[in-house]
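> have a look at this fold, sequence not included:
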């Protein structure tokens, strides 16, 4: 069994369908390997985490991925910039102070970067 | 002589000209270094590999790069999604089951990721 | 104190605001860590370095970042392609022969890749 760590970066809201398909395809291909997967959203892409803006169907897909261990993370700079409050975020989304710092730190921990 | 391994990721069909220019420029700059270069296409970008959709001029550029050692690879999930059959693919294109897994595995083998 | 090396890649001119915000946010989040940051522009993104095309407000932001140690680098293949002369470039911009080679070399030196 091999362990892989992967961080997906998204900053355009219209790339979410593509990104979620990427994550689904990666998990489907995983077989006996262990994956640590984080989805880091900054800039306008964080709007997708806002339950006031999002569609239930997509939240269900994300929740299903989250149950399989995928972390969904939001940049707090972006949340503030779009005036999105923590209490309207999808419940399992985690917040980091600066998304770009998260991209750096995760790569320093051996995560591979993919930008759909 | 230094060896470099590089994986180019493309998932937007309108980025192909830019990507091919990037690869040409990289090989031109290579001098005495040895390059292992793979171009991994997933999502709609795989359409470019379909001889029914592509232009002969671009195939010639790709074939020339392929002769210099550049691997052109298609995601099978994407091929299936766009109903592209193997027998209409450009002849030297290789298929992997999941493009996103290929991006992970190649990075785990020391390939550097570039997304034009 | 931890040292981090980061290379930002930009090849679309309309991504500059996003990229500069990313760099500002990264430096703001840096605290006691030491950052080596390079911004590598190729393709049409190099136009932003041309004082004949750029806005003074953005040059001020870039100059401020440059004073904090951020390197702004242009691909010479792209400069030639858009017929941009060295003497109209923003003064602190450095030129490399091939931007894509710079992306490879910097990653081989331990730089983490981020594509806004």
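Now that the structure is in, tell me what you want to look at. Note that the structure is predicted; figures quoted are calculated from it, not measured.
> residue boundaries of the helices in chain A?
For chain A, the helices defined by DSSP state H cover A:16-28, A:56-67, A:76-81, A:99-108.
> buried stuff in the last one?
Residues of helix A:99-108 classed as buried: A:99, A:100, A:101, A:102, A:103, A:104, A:105, A:106, A:107 (neighbour count, 16 or more other Cβ atoms under 10 Å in any protein chain shown). All C-beta atoms are positioned from the backbone trio N, CA, C, and that covers glycine.
> and what of the second one?
Of all the residues in helix A:56-67, those buried under the rule 16+ other Cβ under 10 Å are A:59, A:61, A:62, A:65, A:66.
> got a list of what the residue nearest to the spatial centre of chain A touches?
In chain A, the residue lying closest to the centroid (Cα atoms, centre = their mean) is residue A:39, at 2.2 Å. Applying Cβ atoms under 8 Å, 6 or more residues apart in numbering or on different chains, we find residue A:39 in contact with A:7, A:8, A:10, A:19, A:23, A:70, A:71, A:72, A:73.
> ok, 7 Å please
By Cβ atoms under 7 Å, 6 or more residues apart in numbering or on different chains, the residues touching residue A:39 are A:8, A:10, A:19, A:23, A:70, A:71, A:72, A:73.
> want to throw the buried residues of helix A:99-108 into JSON lines with pLDDT and distance to chain B?
Below are the buried residues of helix A:99-108 laid out as JSON lines (pLDDT from 0 to 100; distance: Cβ to the nearest Cβ, whole Å):
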{"residue": "A:99", "pLDDT": "98", "distance to chain B": "17"}
{"residue": "A:100", "pLDDT": "98", "distance to chain B": "16"}
{"residue": "A:101", "pLDDT": "98", "distance to chain B": "19"}
{"residue": "A:102", "pLDDT": "98", "distance to chain B": "17"}
{"residue": "A:103", "pLDDT": "98", "distance to chain B": "12"}
{"residue": "A:104", "pLDDT": "98", "distance to chain B": "15"}
{"residue": "A:105", "pLDDT": "98", "distance to chain B": "17"}
{"residue": "A:106", "pLDDT": "98", "distance to chain B": "13"}
{"residue": "A:107", "pLDDT": "98", "distance to chain B": "10"}
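> so which of the residues you listed reach chain C?
A:100, A:101, A:103, A:104, A:107 (Cβ under 7 Å from any Cβ of the partner chain).
> so how far is residue C:4 from the closest residue to residue A:36 other than its chain neighbours?
Leaving aside its chain neighbours, residue A:36 sits nearest to residue A:5 (4.4 Å; criterion: Cβ to Cβ, 6 or more residues apart in numbering or on different chains). Residue A:5 sits 17 Å away from residue C:4, going by Cβ to Cβ, to the nearest Å.
> who in chain A is up against chain C?
Residues of chain A found near chain C (Cβ under 7 Å from any Cβ) are A:11, A:43, A:77, A:97-98, A:100-101, A:103-104, A:107-108, A:113, A:115.
> try 8 Å this time
Proximity of chain A to chain C, by Cβ under 8 Å from any Cβ of the partner chain, involves residues A:9, A:11, A:42-43, A:75, A:77, A:97-101, A:103-104, A:107-108, A:113, A:115.
> give me the contacts around the lowest-mean-pLDDT helix or strand in chain A.
Ranked by mean pLDDT, DSSP states H and E, the weakest helix or strand in chain A is helix A:56-67, scoring a mean of 90. Residues external to helix A:56-67 that are found in contact with it (Cβ under 8 Å, 6+ apart): A:16, A:20, A:23, A:24, A:27, A:48, A:51, A:70, A:72, A:90, A:92.
> got those residues as TSV, with distance to residue B:35 columns?
Converted to TSV, the contacts of helix A:56-67 look like this (distance: Cβ to Cβ, whole Å):
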residue	distance to residue B:35
A:16	34
A:20	33
A:23	30
A:24	32
A:27	32
A:48	37
A:51	47
A:70	34
A:72	36
A:90	43
A:92	42
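> closest to chain B out of those?
When those are compared for distance to chain B (Cβ to the nearest Cβ), residue A:23 wins out at 7.9 Å.
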